[in-house]
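J.: here is the input, now give the coordinates:
(chains A, B, C and D)
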2 protein chains.
Amino acid sequence: MAKQMTEMLKGTLEGIVLASLSDRPAYGYEITSWLREQGFNDIAEGTVYALLIRIEQRGLVDVERVPSQKGPPRKVYSLNTEGQTYLDEFWRTWSFLAERLEQLRDGGK
Amino acid sequence: MAKQMTEMLKGTLEGIVLASLSDRPAYGYEITSWLREQGFNDIAEGTVYALLIRIEQRGLVDVERVPSQKGPPRKVYSLNTEGQTYLDEFWRTWSFLAERLEQLRDGGK
DNA sequence: ATGGCTATTCAGTGTTACTATCTAGTGGTA
DNA sequence: TACCACTAGATAGTAACACTGAATAGCCAT
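T.: Numbering: from 1, shown residues only, chains lettered A, B, ... in the order given. From the prediction side, this is the model:
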């Protein structure tokens, strides 16, 4: 992937996934496919799974193992209350950053 | 600093500084102060200096040593052609990401 | 049984911002 | 003089995160 995108995703990819989970629960493979549909063509599967493990260990999501007809059991993640709080905080941080950057882009310093 | 902001700055702080330099040349201490004015209260000085060394080594900026009446000589950085190209690429990457996030925020998945 | 799709895990790497500390030059003040 | 504050830059070590590449595992069709 482009190096700039890789670096820019740090911190934001987590928010993207949490925001997606706030819409509806999903499992890792599904999230990866969805990200690719959204244009994040080069996101590695390993990246998504590592992220999911992190947010699970931080207690931001609940996990349920669900059998699949197409392969090994899925780990379905859903945002819990703590995760929602964290997501709200993410949006505040994002908004601050986005505002500063928009100011910078049009209008110079 | 808030951990979310720390992670989100990875990749974007570089663009912010480059964008600032595209407006006018500046030296490290000045950039740090300016960032604080912009609301990035907790950015460490060491972070800015490290970033400036990186973009210098990548050849994105030109450097000039300028004596100061207030202290040791300043290293004044200015964006060069290569840096401008890199900044344009940064804005494209940022736009993509910002669009995706705005979509996510209003409208869900 | 083999290959293809689904699904998850893991070890190792590179990049970046942070903390904490250090060096240095200038000017003011006790 | 000695000390302090402000200006200005450098550096060693740490934490966090996305990536690479590979391995494991289950299901189905040929």
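J.: for chain A, what's the longest helix?
T.: With secondary structure taken from DSSP state H, chain A has its longest helix at helix A:81-105.
J.: elements contacting it?
T.: Counting contacts by 3 or more C-beta pairs under 8 Å, 6 or more residues apart in numbering or on different chains; DSSP states H and E, the secondary-structure elements packed against helix A:81-105 are helix A:12-23, helix B:3-9, helix B:12-23, helix B:81-105. Every C-beta, even on glycine, is put in place using the N, C-alpha and C of the backbone.
J.: just the buried residues of the second one, please?
T.: Neighbour-count burial for helix B:3-9, with 16 or more other C-beta atoms under 10 Å in any protein chain shown as criterion, is recorded at B:4-9.
J.: mind checking how far residue A:51 is from residue A:30?
T.: Summarising the geometry, the distance separating residue A:51 from residue A:30, computed by C-beta to C-beta, to the nearest Å, is 14 Å.
J.: and the two? Which one has more around it.
T.: More neighbours surround residue A:51 than the other of residue A:51 and residue A:30, with 18 against 15 (other C-beta atoms under 10 Å in any protein chain shown).
J.: in JSON lines, list the helices and strands packed on helix A:81-105 along with distance to DNA strand C and mean pLDDT.
T.: As requested, the helices and strands packed on helix A:81-105 are arranged in JSON lines below (distance: least, C-beta to the nearest atom of the strand, whole Å; pLDDT from 0 to 100):
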{"stretch": "helix A:12-23", "distance to DNA strand C": "12", "mean pLDDT": "98"}
{"stretch": "helix B:3-9", "distance to DNA strand C": "4", "mean pLDDT": "96"}
{"stretch": "helix B:12-23", "distance to DNA strand C": "3", "mean pLDDT": "97"}
{"stretch": "helix B:81-105", "distance to DNA strand C": "11", "mean pLDDT": "97"}
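J.: with respect to residue A:92, which of these lies nearest?
T.: Each of these was checked against residue A:92 via C-beta to C-beta, and the shortest separation belongs to helix B:3-9, namely 8.8 Å.
J.: contacting residues around the closest one?
T.: Around helix B:3-9, the neighbours that count as contacts under C-beta atoms under 8 Å, 6 or more residues apart in numbering or on different chains are A:10-12, A:14-15, A:89-90, A:93-94, A:96-97, B:42-43.
J.: let me know the closest of those residues to residue B:65.
T.: Checking the contacts of helix B:3-9 against residue B:65 by C-beta to C-beta gives residue B:43 as the nearest, at 23.7 Å.
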